[in-house]
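turn this into a structure:
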Amino acid sequence: MTSSSLALTLALLSQLNLVVCTPAAGTCSKAHASPCSATGTSATYSETIAGDVRKISAGGCPNNNPHTPCIGMNPSTSGVQDWKFDIPATPKLAAADYATSLTTALPLKELGGFIGITLNGVEIRSCYGGTQYGICADYATSATAVEGDTFDYCGGHGNPYHYHQVPTCLVKQIGDRADGSSPHIGWAADGFPIYGNKGPGGVLIKACGAAGADAKWCADKCAGYFGSDYNDDFSYRYFMMGPDSDLDSNPTSPAPGAEYFPFNTYCLLGCGAVTATGTDKTPTIGSKVQACTASASAGTAAGYTAAATPGVTAAYTVATEAPTEAPTEAPAEAPTEAATEAPTEAPTGASGTASTVGTNTASATGTSTTTSSAGALTTGATAFCIPTLAILMCSAITC
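This is a model prediction of the structure:
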């Protein structure tokens with residue numbers, strides 16, 4: 001980049017008052033023949049409907065820019081996958097009613113690997129972290145507790161790259177629904193939809209009965225909610241839970257607590273034929289989901305017709321709004337008489353202007369951008385952090 005173009009860029013940034021912050025990757029000791037792009041451009045996802053089958057193809061790479069693998073003790077470079085996932089397009093509950101379906105649901109507390117997929121093409125796994133940790137029975141034995149220090153700022157990790165809890169970047173990229181609830185972000189293996197971490201009114205979804213859980217908008221033991229009052233065409237849906245990430249910390253911060261356990265799908269209430277294949281891993285979920293019997297009940301509203309859901313694969317960059325410089329107040333004029341002068345109002349200071357969280361705009365390159373608060377910034381900070389250009393110019397800021 002020439003000095004003139006750099007000067008122009010900095011001038012534009014000063015007008016926009018934006019900072020593009022760059023969480024750092026770790027040190028990878030395990031390479032991959034086809035690594036995921038560091039700038040989020042490897043993500044792929046597509047769907048078709050064939051009869052009663054939702055046929056999904058995905059590349060397994062995240063679309064966050066930057067993609068920062070190998071956080072903490074995780075040594076693996078995330079690699080491009082070739083996921084093929086066929087699930088019911090019109091899901092059904094495995095039993096005649098919700099209560100029975102919940103009782104007979106397929107447990108995932110010791111089932112590793114693929115249990116669902118997000119709309120950016122990333123694998124979803126349950127809270128089970130693997131044989132080295134044993135059954136995921138509670139918060140202390142969950143992947144979030146034992147591996148959370150390897151989750152990146154968007155909530156994922158590993159190879160194949162996958163999520164165990166809310167993928168904040170994807171949730172922010174799509175944006176909340178009109179009622180304040182998180183968007184539809186993926187599909188579970190039984191064909192039911194998966195939503196983000198908030199219910200109607202913006203309520204953070206927590207386990208029913210947990211500290212701070214809403215009495216109505218909370219997750220059952222399978223991390224889902226049954227009812228026809230959720231403003232969708234399904235009788236059941238799952239959630240990926242946890243607080244929103246600050247979008248700038250590796251490992252992700254803040255970390256979810258026990259009130260969000262099991263963090264995402266913990267058992268599958270649905271039934272039907274499922275197949276799943278991949279590049280680096282061979283998922284076993286296809287042989288685990290219950291087959292539908294005559295007692296299976298409808299999982300969709302009357303008149304529901306399945307339609308393909310578009311993928312969300314445009315590279316997603318987080319931009320942080322920098323606070324404006326504190327105004328310089330003119331000194332008060334000396335009084336001419338002995339009268340007591342009224343004190344002047346304190347200046348706003350360096351707390352900055354209010355920022356908007358989750359407002360998405362598309363750039364000319366197809367990159368989606370959102371803004372978040374910038375508590376770490378100091379007055380008058382100017383920063384421009386873009387890994388692909390290897391440029392870092394900061395004043396009074398750590399990017």
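
all helices of the chain, in order?
3-16, 98-103, 143-147, 168-174 (DSSP state H).

which of those helices has the lowest mean pLDDT?
For these, mean pLDDT drops lowest on helix 3-16, to a mean of 50.

ok, the residue nearest to the spatial centre of the chain to Tyr128 distance?
Nearest to the mean C-alpha position of the chain, by CA atoms, centre = their mean, lies Pro167 at 1.6 Å. To Tyr128, Pro167 is 18 Å away according to CB to CB, to the nearest Å. For glycine as for every other residue, the C-beta is placed from the backbone atoms N, C-alpha and C.

and what of Ala178?
Note on Ala178: its distance to Tyr128, by CB to CB, is 35 Å.

for Ser235, same thing?
In terms of CB to CB, Ser235 sits 26 Å off from Tyr128.

cool, and Phe192?
Taking CB to CB, one finds Phe192 at 19 Å from Tyr128.

cool, and Thr90?
28 Å.

low-confidence regions, the stretch 251-399 of the chain specifically.
The model of the stretch 251-399 of the chain has pLDDT under 70 over residues 319-399.

quick one: contacts for Ser228?
Contacts of Ser228 were listed using CB atoms under 8 Å, 6 or more residues apart in numbering, and they are Ser235, Ala301.

confidence score at it?
For Ser228, pLDDT reads 95.

next one: Ala25
Per-residue pLDDT puts Ala25 at 88.

so it makes contact with Gly72?
No: Ala25 lies out of contact with Gly72 (CB atoms under 8 Å); the separation is 11.3 Å.

number of residues surrounding Ala296?
19 (other CB atoms under 10 Å).

which residues does it contact?
Contacts of Ala296 (CB under 8 Å, 6+ apart): Lys92, Leu93, Ala94, Ala95, Ala96, Cys271.

if you set the cut-off to 6 Å instead, what comes out?
Counting by CB atoms under 6 Å, 6 or more residues apart in numbering, Ala296 makes contact with Lys92, Ala94, Cys271.

with neighbour count added, can I get the residues you listed in TSV?
Shown next, in TSV, are the contacts of Ala296 (neighbours: other CB atoms under 10 Å):
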residue	neighbour count
Lys92	24
Ala94	26
Cys271	27
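
let me know the closest of those residues to Ala207.
Ala94 (21.9 Å; CB to CB).

which residues sit against stretch 115-123?
Here stretch 115-123 has contacts from 43-45, 58-60, 62-63, 85, 108, 114, 124, 126, 160-162, 170, 185-189, 194, 265, 285, 311-313, using CB under 6 Å, 6+ apart.

any chance of a ChimeraX selection covering the buried ones in the residues you listed?
The buried subset of the contacts of stretch 115-123, as determined by 16 or more other CB atoms under 10 Å, is captured in ChimeraX by this line:
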select :43,44,45,58,59,60,62,63,85,108,114,124,126,160,161,162,170,185,186,187,188,189,194,265,285,311,312,313
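
and the contacts of Ala296 as a markdown table, adding distance to Thr305?
As requested, the contacts of Ala296 are arranged in a markdown table below (distance: CB to CB, whole Å):
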| residue | distance to Thr305 |
| --- | --- |
| Lys92 | 15 |
| Ala94 | 22 |
| Cys271 | 20 |
